[in-house]
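Asker: sequence first, then the predicted structure:
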There are 2 protein chains.
Amino acid sequence: MNIILLFPDDLQSPSHARLTGRRLTHVLEVHRAEEGDTLKVGLLDGNLGTGTVTRLDAEALELDLDLVAAPPPKLPLTLILALPRPKVLNRALIAASSLGIHRIVLLHTARVEKAYWGSPRMSEENLLHQRVLGLEQARDTVLPTLQIERRFRPFVEDRLPALASDSLRVVAHPGDHPPCPRAVEGPVTLVVGPEGGLVPFEIELLQVAGFQPVDLGPRILRVETALAALAGRMF
Amino acid sequence: MNIILLFPDDLQSPSHARLTGRRLTHVLEVHRAEEGDTLKVGLLDGNLGTGTVTRLDAEALELDLDLVAAPPPKLPLTLILALPRPKVLNRALIAASSLGIHRIVLLHTARVEKAYWGSPRMSEENLLHQRVLGLEQARDTVLPTLQIERRFRPFVEDRLPALASDSLRVVAHPGDHPPCPRAVEGPVTLVVGPEGGLVPFEIELLQVAGFQPVDLGPRILRVETALAALAGRMF
């Protein structure tokens, strides 16, 4: 937690916040702050700055806020990610959010097990929490948007063209394809398939939608490692 | 586990292996293989290929080996990493190993807590195991070397010049420095400091040794995420 992220509900006034729960516990146990100390804070979708502790006890943390700095710019990257195994989902969301990816789409594909969609990790609460953890890690305040797409073909045919318009479109896919482009100027839409890969029919539909398959080399990386390597390469 | 990594001790002959323990359990419970099935295998510091199951029961897995493919090339990257917190160490080693980093140095710096060196995770067995997990993930066989350096100054002054000779030398350090270079041709030696950063004296000693500070931008990434982003950017 490299910043304490504040939500609108935490604000008692534009310059004063009152926190309980996880963030209170963290400040008590990890920061071990005292009254008068300043903590790095940020307001969800707002500015970064400092919070001066005016109260800290078992019940609440109260902060006087001074929020003057803009959050870091997002990467102009839309990630369309085949829904990972529940165990992997949290790690992938934290990594994507901390890297500054501005939009995430979780997509069903032929090799995504249907049961993954029923995992408790797919609750709205968890999907928000993991992205918040990424923001807290990266000292960012701007939540990446998250879109759930449980049917591949209608998404790719009907909604993806508008979503990806004016962006460089690549799909990570093993094979005799060009390598992923480097140092891209402008927005990118990146499709990352599931552990078993996308099937030929899915690649074809994506190609029709203007997506170029790119090869990521011979190493098989964990999803969150691959996302970071791709983001580092392209931006 | 995208390959089963074989060690010299597993070989009963150059073309036959006998496994027990963690890898046997994995093949029984995850692969659910049967006699006659072929599994992707690799020999430590040797070739990749297939193993045909000739025996599989609660006691042992036996494989007939056909090892014909070279492992993927390593990145010509030496990572000098301030020893992370024990909780972070395993993740960093798996990521570094899966990315193909060919040499890892774990280094003491002023802001590394001395207690970290006494963690059970610093056992030779664990340091090997985490790197093996990275190889199994990436389908690689070539173990990154690991060097332990518990004194900063003698390492940087006496051993680092030879280690880093003929390489591009960069140290990730927040501040008004150039960004990390991209698409480097040839070897790189990269220093990554601890969570609290390197201290000015350490940066000065590294500069004397030819290291250029580079800024990684405003986001604070987890160590393993930063390593992947840097590797993706530079290679």
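Answerer: Ah, there it is. Numbering: from 1, shown residues only, chains lettered A, B, ... in the order given.
Asker: from here on, contacts and neighbour counts on C-alpha atoms
Answerer: Noted.
Asker: which residue ranges of chain A form helices?
Answerer: According to DSSP state H, chain A carries its helices in the segments A:21-26, A:86-99, A:124-138, A:152-154, A:160-163, A:200-208, A:223-234.
Asker: among these, which is nearest B:Leu28?
Answerer: The closest of these to B:Leu28 is helix A:86-99. By Cα to Cα, the value is 20.7 Å.
Asker: what residue lies at the spatial centre of chain A?
Answerer: A:Ser97 (2.6 Å; Cα atoms, centre = their mean).
Asker: using JSON lines, lay out the helices of chain A together with mean pLDDT and distance to B:Leu190.
Answerer: Shown next, in JSON lines, are the helices of chain A (pLDDT from 0 to 100; distance: least, Cα to Cα, whole Å):
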{"stretch": "helix A:21-26", "mean pLDDT": "95", "distance to B:Leu190": "33"}
{"stretch": "helix A:86-99", "mean pLDDT": "97", "distance to B:Leu190": "20"}
{"stretch": "helix A:124-138", "mean pLDDT": "98", "distance to B:Leu190": "21"}
{"stretch": "helix A:152-154", "mean pLDDT": "98", "distance to B:Leu190": "41"}
{"stretch": "helix A:160-163", "mean pLDDT": "97", "distance to B:Leu190": "38"}
{"stretch": "helix A:200-208", "mean pLDDT": "98", "distance to B:Leu190": "37"}
{"stretch": "helix A:223-234", "mean pLDDT": "97", "distance to B:Leu190": "15"}
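Asker: tell me which parts of chain A are close to chain B?
Answerer: A:2, A:72, A:95, A:98-99, A:137-140, A:182, A:218-222, A:224-226, A:228-234 (Cα under 8 Å from any Cα of the partner chain).
Asker: select only the buried ones of these in PyMOL?
Answerer: Selecting the buried subset of the residues of chain A next to chain B in PyMOL, with 16 or more other Cα atoms under 10 Å in any protein chain shown as the burial test, is done by:
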select buried, chain A and resi 2+72+95+98+99+137+138+139+140+182+219+220+221+222+224+225+226+228+229+230+231+232+233+234
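Asker: break chain A into its domains for me.
Answerer: A:4-69, A:75-234 (automatic domain parsing).
Asker: in the lowest-mean-pLDDT helix or strand in chain A, which residues are buried?
Answerer: In chain A, no helix or strand scores lower on mean pLDDT, DSSP states H and E than helix A:21-26, which sits at a mean of 95. Using 16+ other Cα under 10 Å as the test for burial, helix A:21-26 gives A:23-25.
Asker: cool, and stretch A:79-93?
Answerer: Buried, per 16+ other Cα under 10 Å, within stretch A:79-93: A:79-86, A:89-93.
Asker: of those, which pair is most distant in space?
Answerer: Top of the distance list for the buried residues of stretch A:79-93 (Cα to Cα): A:Leu79 and A:Pro86, 17.7 Å.
Asker: could I get the contacting residues of A:Leu133?
Answerer: Going by Cα atoms under 8 Å, 6 or more residues apart in numbering or on different chains, A:Leu133 touches A:1, A:94, A:98.
Asker: same question for A:Gly134.
Answerer: Contacts of A:Gly134 by Cα under 8 Å, 6+ apart are A:93-99.
Asker: which residue ranges form the strands in chain A?
Answerer: A:4-6, A:11-13, A:16-19, A:38-43, A:48-56, A:61-69, A:75-82, A:101-107, A:145-149, A:168-172, A:188-192, A:212-214 (DSSP state E).
Asker: can I get those strands in JSON lines including mean pLDDT?
Answerer: What follows is the strands of chain A, written out as JSON lines (pLDDT from 0 to 100):
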{"stretch": "strand A:4-6", "mean pLDDT": "98"}
{"stretch": "strand A:11-13", "mean pLDDT": "97"}
{"stretch": "strand A:16-19", "mean pLDDT": "98"}
{"stretch": "strand A:38-43", "mean pLDDT": "98"}
{"stretch": "strand A:48-56", "mean pLDDT": "98"}
{"stretch": "strand A:61-69", "mean pLDDT": "98"}
{"stretch": "strand A:75-82", "mean pLDDT": "98"}
{"stretch": "strand A:101-107", "mean pLDDT": "98"}
{"stretch": "strand A:145-149", "mean pLDDT": "98"}
{"stretch": "strand A:168-172", "mean pLDDT": "98"}
{"stretch": "strand A:188-192", "mean pLDDT": "98"}
{"stretch": "strand A:212-214", "mean pLDDT": "98"}
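Asker: which residue sits closest to the residue nearest to the centre of chain A in space, ignoring its chain neighbours?
Answerer: Among residues not flanking A:Ser97 along the chain, A:Gly134 sits closest, at 4.7 Å (Cα to Cα, 6 or more residues apart in numbering or on different chains).
Asker: for the one you found, give its distance to A:Glu124.
Answerer: A:Gly134 sits 16 Å away from A:Glu124, going by Cα to Cα, to the nearest Å.
Asker: and what of A:Gly175?
Answerer: For A:Gly175 relative to A:Glu124 (Cα to Cα), the value is 36 Å.
Asker: between those two, which one's more packed in?
Answerer: Set A:Gly175 next to A:Glu124 and count neighbours by other Cα atoms under 10 Å in any protein chain shown: A:Gly175 wins out with 13 against 10.
Asker: that one touches A:Pro200, doesn't it?
Answerer: No - assessed by Cα atoms under 8 Å, A:Gly175 is found out of contact with A:Pro200, at 11.8 Å.
Asker: quick one: contacts for A:Leu221?
Answerer: B:98-99, B:137-138.
Asker: filter those by proximity to chain A?
Answerer: Contacts with chain A within the contacts of A:Leu221, counted by Cα under 8 Å from any Cα: B:98-99, B:137-138.
Asker: out of those, who's nearest A:Leu163?
Answerer: For these, the minimum distance to A:Leu163 (Cα to Cα) is 31.3 Å, reached by B:Leu99.
Asker: among the ones next to chain A among the contacts of A:Leu221, which pair sits farthest apart?
Answerer: B:Leu99 and B:Gln137 (9.6 Å).
Asker: tell me how many other residues surround A:Glu35.
Answerer: Neighbour tally, A:Glu35, other Cα under 10 Å: 14.
Asker: before I go, just wanted to say thanks for your time.
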